[in-house]
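Student: here is my input; please provide its structure:
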Amino acid sequence: MKKHVALICSAALALGTAGAFADDVRIDQAQALVSNGTIQSFEMLNDKALAARAGTITDTELEQEYGKYVYKVEIRDADGAEWDVDLDAANGEILKSERDH
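Tutor: A predicted model of the protein is given here:
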């Protein structure tokens with residue numbers, strides 16, 4: 001649990017450069033969204049991201065894009081390659097899974 005809290009806190013601190021139509025979600029807002037059931041738990045979202053791309057999570061962010069909450073996960077695979085996995089935070093659907101260049 002401490003690891004997930006650390007990931008969430010690091011995600012909140014790492015939020016900074018977002019697209020023109022993306023708003024970063026603060027940690028207190030994110031916790032409220034999980035508590036009221038608007039988005040899935042970060043543990044569940046992390047598990048879904050790792051199911052899509054095996055490796056180690058190196059960074060996470062929660063953004064609101066076009067009215068949808070998107071959970072962005074950066075993963076380093078066993079070969080050291082970096083991957084970006086985006087999930088719909090409400091239902092856990094994988095929106096994107098691509099190698100970071």
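Student: just the pLDDT at Asp100, thanks.
Tutor: In this model, Asp100 is scored at 88, pLDDT.
Student: give me every residue that touches it.
Tutor: The contact partners of Asp100, taken as Cβ atoms under 8 Å, 6 or more residues apart in numbering, are Glu74, Ala81, Glu82, Trp83, Asp84. In short, each C-beta sits where N, CA and C put it, glycine included.
Student: now Asn91, nearest residue through space, not along the chain?
Tutor: The shortest distance from Asn91 to any non-neighbouring residue, by Cβ to Cβ, 6 or more residues apart in numbering, is to Gln40 (7.4 Å).
Student: scratch that, Glu63
Tutor: What sits nearest to Glu63 in space, not counting adjacent residues and going by Cβ to Cβ, 6+ apart, is Ala22, at 4.5 Å.
Student: tell me how far stretch 40-53 lies from the chain's centre.
Tutor: Relative to the centre of its chain, stretch 40-53 is centred 8 Å away, using Cα atoms, centre = their mean, to the nearest Å.
Student: correction: stretch 23-30
Tutor: 12 Å.
Student: so which bits of that stretch are buried?
Tutor: Neighbour-count burial for stretch 23-30 flags Asp24, Val25, Gln29, Ala30 (criterion: 16 or more other Cβ atoms under 10 Å).
Student: out of those residues, who's nearest His101?
Tutor: In terms of Cβ to Cβ, no member of the buried residues of stretch 23-30 lies closer to His101 than Asp24, at 23.1 Å.
Student: what about the residue nearest to Leu33 when sequence neighbours are not counted, neighbour count?
Tutor: Leaving aside its chain neighbours, Leu33 sits nearest to Ile39 (4.6 Å; criterion: Cβ to Cβ, 6+ apart). Neighbourhood size, Ile39 [other Cβ atoms under 10 Å]: 24.
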